[in-house]
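A.B. asks: The sequence and its predicted three-dimensional model are supplied below.
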Number of protein chains: 2
Amino acid sequence: MTELTIALDAMGGDQGPDIVVTALERALSSFPQVQFILVGDKDILQPIVDRYPVVTQSPRVTLQHASQVVAMDDKPSAVVRAKPDSSMRAALDLVNNGTAQACVSAGNTGALMAMAYLTLKTIAGVIRPALVAALPQQNGSQSLLLDLGANPTCDAETLRQFGIMGSVMAQQVYKQSHPRVALLNMGREELKGHDTVKQAAQLLKDTPGVHFIGFIEGNDLFAAEADVIVCDGFTGNIALKACEGMADLLYTNLKQSLDGHLFTKLLAKLLFKRHKKSWQWLNPDQYNGASLLGLRGVVMKSHGNASANAYFSAISHAIEEAGVDLPRQIHDRIEYALLAQVPDQRK
Amino acid sequence: MTELTIALDAMGGDQGPDIVVTALERALSSFPQVQFILVGDKDILQPIVDRYPVVTQSPRVTLQHASQVVAMDDKPSAVVRAKPDSSMRAALDLVNNGTAQACVSAGNTGALMAMAYLTLKTIAGVIRPALVAALPQQNGSQSLLLDLGANPTCDAETLRQFGIMGSVMAQQVYKQSHPRVALLNMGREELKGHDTVKQAAQLLKDTPGVHFIGFIEGNDLFAAEADVIVCDGFTGNIALKACEGMADLLYTNLKQSLDGHLFTKLLAKLLFKRHKKSWQWLNPDQYNGASLLGLRGVVMKSHGNASANAYFSAISHAIEEAGVDLPRQIHDRIEYALLAQVPDQRK
């Protein structure tokens, strides 16, 4: 890995800068070659950083002042103009001007998407960026799901590009040599679903370098049948959050069904401790961060509620993506796909 | 409850007529006022029925022959013409000609939707029928989710009608005096989502008699925040099946995390037995059947894999819906809503 610099928006998220600095402390020892720029209001940030000698004394950490903070309930459309000196914007600018190769933020998702889009812009040829996260699978592997909400509607060509971008990410970051790409649909048969998903299937079938395997259904999301699962942002957002709701419900039911019996309560405690891991990705953002794919730089969204460990996870993924220069890889594959569409002029 | 007759498609489903007859036996004792017509191939059906003396001897059971069976993999579009004498079609015809007030089938969902639509037609004013099911909620109540897949795309007016129909069902069948109606969206803020869902929100706000509470998100599906949750069939189908996939994954993880330890294995067995109920609605169709709402008759879809108890559940719901004449109630409310839209000519 060549020398990398990662910009951390220290002010985003519900938890405040504390968890960001804790995560940074861990990252400093896990990634000895990586530089970090901690962006935020120095008046707030400095006293926190001072409590972490490893961070304060590291020559690999720079503090950069930004006077404004994007609040979790700020309107994305307004914040872009209203907060030009926010820590989120400054972190994105560092990526845009080449000082950093990736940025991580636990802030307001809508604002981050809007600001990243405006600051970094899309890779040449890319219609729309997509929010992507890894889902745990029944067999222990991981599959990518995109889009998770950057685009409420998508046309067929946009879905095709999501298939290409997801495929590149699966190859470069998850080291899958031949990732299987599927479209999420309400049935597996060719006739199922609406026109857009059917057209996207046709386009993906004809896309060189993409191993398209057809439609999969909601209950296949965790079945390890596809490595890349493509859908519009409305569907992806709702499907993912529905899973979160379901997991919560099961957890509540499980707990309730054990209530009132001291013996089984004790057993339950023992069991819950053992399978705590199973519930840790209830919130998929928290699982390992969600990337904004298709921009001219790596942008990693950590969940607003992320713990220091979860935030560390997001930092790790940002480093992985920056390490393989994912935006460049996507650029090349999109260019290749677009060129393949140009008809031979000699015909 | 006035005297009702329920037509049962005995041939549909993966399990064959056996579970239908077992469920009927239970229904005969639970609903002493209700008549049943068992529709299917007599050569297959009669020997099975003969094993159930309660059924054979009941004056409230009629067998009706139908020579054809709709297979689970039959194409819905083809089956309508290719199998005019199917048990599914005959059961729907019994509702259409007024002999029965409801029918229940565990057969091919697509074929049932297509055939029901053609045979029974929609209630005057209803744009499209919707598939609806009850979801268990955190607080032990139930909420209705529609559409679950009858309509891959829906315009705003169709979504509004789903809100009205769901509201009527919540009032009439689930005895909720003032059901809260919500639209499923990728965020709660008014600006979130695509144009259709935003337009539908505006329409529902202005619909008399509907208590519209705004948008809810995927993770609210089981949070008892709304009594009726409206979405297009693509989203509903994928969200519901995603929950099924999530539950499967959690179950597998839970089991795996206990493997190899004899002591915890035994404990786990004990616990699983206790909270078996929690997992029983993994498959929401199985939970209690899904209704096809908006047709001129009650059509209840039982899951293809339903056990006799689950099928009995579907029968019970069909009886409840027929008992309150749900199609008539929907007719009146849709008419009322349509009339409210007609501008006053004197203005």
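C.D. replies: Structure received. Residues are numbered from 1 along each chain as shown, chains lettered A, B, ... in the order given.
A.B. asks: count of residues packed around the closest residue to A:Met300 other than its chain neighbours?
C.D. replies: Of all residues not flanking A:Met300 in the chain, A:Ala318 sits nearest, at 4.1 Å (CB to CB, 6 or more residues apart in numbering or on different chains). Where you see a C-beta, it was placed from the backbone N, CA and C, and this is true even at glycine. Residues near A:Ala318, counting by other CB atoms under 10 Å in any protein chain shown, number 29.
A.B. asks: cool, A:Asp85 as well?
C.D. replies: Count around A:Asp85 with other CB under 10 Å applied: 12.
A.B. asks: residue boundaries of the helices in chain A?
C.D. replies: Listed in chain order, the helices of chain A (DSSP state H) span A:17-30, A:42-49, A:53-57, A:76-82, A:87-96, A:109-120, A:156-172, A:195-205, A:233-257, A:262-274, A:276-279, A:284-288, A:308-323, A:326-341.
A.B. asks: ok, now how distant is the most centrally placed residue in chain A from chain B?
C.D. replies: Using CA atoms, centre = their mean, the residue of chain A that lies closest to the mean C-alpha position is A:Ala290, 1.2 Å off. Distance, A:Ala290 to chain B, by CB to the nearest CB, to the nearest Å: 14 Å.
A.B. asks: Pretty sure A:Ala23 sits against A:Met300.
C.D. replies: No: checked against CB atoms under 8 Å, the pair A:Ala23 and A:Met300 is beyond contact range at 11.9 Å.
A.B. asks: list residues touching both of the two?
C.D. replies: Common contacts of A:Ala23 and A:Met300, defined by CB atoms under 8 Å, 6 or more residues apart in numbering or on different chains, comprise A:Ala314, A:Ile315.
A.B. asks: hang on, the earlier thing: quick one: the helices of chain A as CSV, columns for mean pLDDT too.
C.D. replies: What follows is these, written out as CSV (pLDDT from 0 to 100):
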stretch, mean pLDDT
helix A:17-30, 96
helix A:42-49, 95
helix A:53-57, 95
helix A:76-82, 88
helix A:87-96, 97
helix A:109-120, 94
helix A:156-172, 98
helix A:195-205, 97
helix A:233-257, 86
helix A:262-274, 62
helix A:276-279, 53
helix A:284-288, 51
helix A:308-323, 94
helix A:326-341, 92
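A.B. asks: wait, which of the ones you listed is closest to B:Gly107?
C.D. replies: In terms of CB to CB, the element of these nearest to B:Gly107 is helix A:195-205, at 25.1 Å.
A.B. asks: helices and strands around that closest one, which ones?
C.D. replies: On a contact count with 3 or more CB pairs under 8 Å, 6 or more residues apart in numbering or on different chains; DSSP states H and E, helix A:195-205 meets helix A:156-172, strand A:180-184, strand A:211-216.
A.B. asks: So which of the ones you listed is nearest chain B?
C.D. replies: Using CB to the nearest CB as the measure, strand A:180-184 is the one of those that comes nearest chain B, at 6.1 Å.
A.B. asks: what pLDDT, on average, does the closest one get?
C.D. replies: The average pLDDT within strand A:180-184 is 98.
A.B. asks: My read is that the residue nearest to the centre of chain A contacts A:Met300, right?
C.D. replies: Yes: A:Ala290 lies in contact with A:Met300 (CB under 8 Å); the separation is 7.5 Å.
A.B. asks: can I assume A:Ala170 is in contact with A:Val230?
C.D. replies: No: look at A:Ala170 against A:Val230 with CB under 8 Å: they stay out of range, at 11.6 Å.
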